[in-house]
Structure formats: C-alpha cells, structure tokens
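# this one's sequence-less:
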C-alpha cells in the first residue's frame, strides 16, 4: 500500500474554499477543481501498489477523476444552503465521486458497455491489459472491474468518514447515506428487467429512473449536504422537492441524449439505449404518441433481437416523427419550473437560490 501522507499532500492545496460570493461561474469551476484535487490526494494515499500493473490507476482516473462532479457539487451546495464555505464539507462532498465511480463500474459490467466518457469501458481496458478480448481475458476484465467497483464503494465511505467533519454532523448523515445506497441498488435491480419489449408504462419507467439516477444525482446529494450542516426539516423538505424535480428533468434529458445525442457529448455509443432495448421515457412516449402505422413500425423494429445501423436510424426518425422529443422537452421545462418554485428567496438567500437555479439549468440544458 502507498504511504503518502494525507495531511502533507492536502497542505499543497490552495487554502481558499470556493465561495459563492465570487459569482456562480467562478464558484462552480473552483468547486470542481477542488473536488478533483481532493480525490487525487485521497486516491494517492489509498493506492494499492500491487494493482498498478493491471492498469487500475488509469481506470480510476477515468471513472473517479474524469467526471463533471455534478453529485459532489450538489452535495456541497446543500451544505452552503445552511452553512458557510468549509473545506471539510467540500472534502465530504468529493467522496460522492467515488460512490459514483462504483455505480458506473457496476453499470458498465452489467450492460457490457463498450465506452465510458469517450474511452474504453473499464472491463474492456482491464481485459486488454490482461491480454485481449477472447473469453478468458474478457472474464478477467469483468471480474477486475467488479472488484475495483467494490473498492470504490469502500473508499467513498472512508473518505467521507475521514473528511474532518465532526461525529455529530456525520451522525445526521449516515441514515440518509445508507438509504441512498440501497435506493441506488434497488433502482439498478429494477433496471435489469427494463426492456421496451415488455411494454412498461411511463410511470414505471420514471419510477425506475428516479431511483437509479435522478434522486441519486440531485435530491439525495443536496439532502446529505444540508443534513451535515444541521438543516431544519423545512429546509430539507424544500431541497427534496427541488431535487426530485431536477433529478427527473436530468434523467429525461439523459434519455433524449441517449437516442439523439452525439458520442462526443454522452461519452457512450449513440446506439446504447436503443441497441439494448432500454425502455426510456423517450421511447415509451413515442410509442404512446405515434400514429398507428408509425407505432407498428417502431414496435416491430424494437422487437428485433438486434438492430443494425439502418434500423437504429429508422427508429430515431420514427421517434422524432411521433412528437415525443418535443413532449419530453416540455416535461423537462415543467419540472425545472416546479423545482424553482420550491426554493423561495426568503428561505435560501439570493446567492444560494441563484446557484440552485443555475445548477438546475446546467444539468438539464439541451446538448443535442
């Protein structure tokens, strides 16, 4: 194991903690930078040297330190809705990126994904390091990625526990943290049977999306940060209402990008949702809204065991013709409006509410 001193490494960080007084753009940029610095220092400290030849460091750089830090930013913002800028609180929020790395590693193994964030998925990368993509190395890659995900799950809690926050603050967090992790697993479990060929309705699809992605991305991180800071039940309720609606909007946007978004934006193959027969909000809405002939053709295509590029392109054209993308856009806008009504100025203060508004727009913006 590495013996790098956590405290000495942390001392190299700039002492300034991101403050909303600098304006949202600067705060957002600085927060992500500090989160990534904290993660880098932590991973250097807990690094398992025996695993480095397998390419684990490169995978961690991709999965834990290569994201947009949406969840950690929301968690730190939840803290700021109650407390003042604080390095330990930011460090605690950074730990969510390790939990997210666990979820991504697990998800990619379950889906046998090819790409993640524009590069080879972890199990692909690890199998290639082991010797290729024939059955034995592929099995190694799948198993190694699963084990690395388990390590990220442990590290996430360790980083949170060692963040520097007091026991009383952490005691307010643990029940919510445990509930979030179980909710995430239950959502993943439900997603195992998420197949458009089973004809699920939109409510069922949205319920799975909330548990697997929406709540875990926005609502729960906000609540965790606010709980750490000792928020009142009234504040937690308002943040929960905001987070639920923005989480739903986030997932609806992700569903649109999963079908119409470019690889360069999603970091995943453009055919991943349709090719895996995923029952997303866009597909279910298209089947519901389409004219009979369009519905029949789209359904026939989606029931094929495999979709070639021509079939995938035809599916996109039929979905677009159904009017579903416009309906999903309306649903996104409705949820953003609902969320912003849940956080009045008098309860959160101008700069905090402005940051919540900007984060809402940032993570639900059109990127097609």
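Alright, I've got the coordinates. Because the structure is predicted, anything quoted here is derived from the model rather than measured.
# So, low pLDDT: which residues of the stretch 201-350 of the chain?
Residues of the stretch 201-350 of the chain meeting the criterion pLDDT under 70: 262-271.
# what about 90?
For the stretch 201-350 of the chain, the stretches flagged by pLDDT under 90 are 201-214, 258, 260-279, 305-307, 344-350.
# before we move on, which element is the closest residue to residue 344 other than its chain neighbours in?
Spatial nearest neighbour of residue 344, excluding adjacent residues (C-beta to C-beta, 6 or more residues apart in numbering): residue 353 at 7.6 Å. For every residue, glycine as well, the C-beta is placed using N, CA and C. Assigned by DSSP states H and E, residue 353 belongs to helix 350-364.
# Going by neighbour count, list what's buried in that helix.
351, 352, 353, 355, 356, 357, 358, 359, 360, 363, 364 (16 or more other C-beta atoms under 10 Å).
# same deal with stretch 197-210?
When burial is assessed from 16+ other C-beta under 10 Å, stretch 197-210 yields the following buried residues: 200, 205, 206, 208, 209, 210.
# element containing the fifth one?
Assigning secondary structure by DSSP H and E places residue 209 in helix 202-209.
# Beyond that helix, next helix or strand please.
helix 220-228.
# How far away from the center of its chain is that next one?
16 Å (C-alpha atoms, centre = their mean, to the nearest Å).
# So which elements touch that helix?
Packing partners of helix 220-228 (3 or more C-beta pairs under 8 Å, 6 or more residues apart in numbering; DSSP states H and E): helix 70-80, helix 87-94, helix 167-191, helix 233-260.
# Would you mind finding the most buried of those?
Highest mean neighbour count among those (mean count of other C-beta atoms under 10 Å): helix 70-80, with a mean of 27.
# I'd like to check the angle between that one and helix 233-260, please.
160 degrees (axes from the mean of the first three to the mean of the last three C-alpha atoms, to 10 degrees).
# and helix 70-80, how far out from the chain's middle?
13 Å.
# go on, stretch 68-76?
Counting by C-alpha atoms, centre = their mean, stretch 68-76 is centred 9 Å from the centre of its parent chain.
# What distance do you get for the residue most central in space within the chain to residue 187?
Nearest to the mean C-alpha position of the chain, by C-alpha atoms, centre = their mean, lies residue 217 at 5.1 Å. Using C-beta to C-beta, to the nearest Å, residue 217 is found at 11 Å from residue 187.
# How about residue 345?
Residue 345 is 33 Å from residue 187, by C-beta to C-beta.
# picking that back up, the helix holding residue 353 vs helix 70-80, what angle?
160 degrees.
# Could you pull up the residues touching the residue nearest to residue 344?
343, 344, 345 (C-beta atoms under 8 Å, 6 or more residues apart in numbering).
# In three-state terms, label residue 143 for me.
Assigned with DSSP: H, G, I helix; E, B strand; the rest coil, residue 143 falls in the helix class.
# Tell me how many other residues crowd it.
Look at residue 143: counted by other C-beta atoms under 10 Å, it has 14 neighbours.
# could you check the distance from it over to residue 152?
15 Å.
# cool, residue 221 as well?
17 Å.
# more crowded one of these two?
Applying other C-beta under 10 Å to residue 221 and residue 152 shows that residue 221 carries more neighbours, namely 28 against 24.
# Give the ranges of residues in the stretch 51-200 of the chain that sit below the confidence cut-off.
51-59, 66, 107, 110-141, 144, 186-200.
# Verify the stated contact: residue 62 with residue 122.
Yes: under the criterion of C-beta atoms under 8 Å, residue 62 makes contact with residue 122 at 7.2 Å.
# quick one: common contacting residues for these two?
In contact with both residue 62 and residue 122: residue 116, using C-beta under 8 Å, 6+ apart.
# Neighbour count: the two, which is higher?
residue 122 (29 against 21).
# Please name the residues that touch the nearest residue to the more buried one once chain neighbours are set aside.
Once flanking residues are discounted, residue 122 sits nearest to residue 145: 4.3 Å by C-beta to C-beta, 6+ apart. For residue 145, the contact set (C-beta under 8 Å, 6+ apart) comprises 59, 105, 108, 109, 121, 122, 123, 126.
# And the third one, how close does it get to residue 153?
Using C-beta to C-beta, one obtains 15 Å as the distance from residue 108 to residue 153.
# of these two, who's got more company?
For residue 108 versus residue 153, the count of surrounding residues by other C-beta under 10 Å is larger for residue 108: 22 against 18.
# tell me which element that one falls in.
With DSSP H and E as the criterion, residue 108 is inside helix 96-111.
# Can you check what angle separates that helix from helix 70-80?
Going by the same axes, to 10 degrees, helix 96-111 makes 150 degrees with helix 70-80.
# Find out how far the helix or strand following helix 96-111 is from the centre of the chain, if you would.
Once the chain leaves helix 96-111, the next helix or strand it forms, by DSSP H and E, is strand 115-116. With C-alpha atoms, centre = their mean as the basis, strand 115-116 stands 14 Å off its chain's centre.
# Strand 115-116 pairs with which strands, and in what direction?
strand 119-120 (antiparallel) (DSSP bridges).
# right, and the helix or strand after the strand it pairs with?
helix 122-130.
# doesn't residue 68 make contact with residue 36?
No: the criterion here is C-beta under 8 Å, and residue 36 misses it with residue 68 at 10.5 Å.
# before we move on, back to that, tell me the angle of the helix holding residue 353 relative to helix 220-228?
160 degrees.
# before we move on, back to that, TSV please, covering the buried residues of stretch 197-210 and showing distance to residue 46.
What follows is these, written out as TSV (distance: C-beta to C-beta, whole Å):
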residue	distance to residue 46
200	41
205	38
206	37
208	33
209	32
210	32
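# between those residues, which is nearest residue 282?
Nearest to residue 282, judged by C-beta to C-beta, of those is residue 205 at 9.6 Å.
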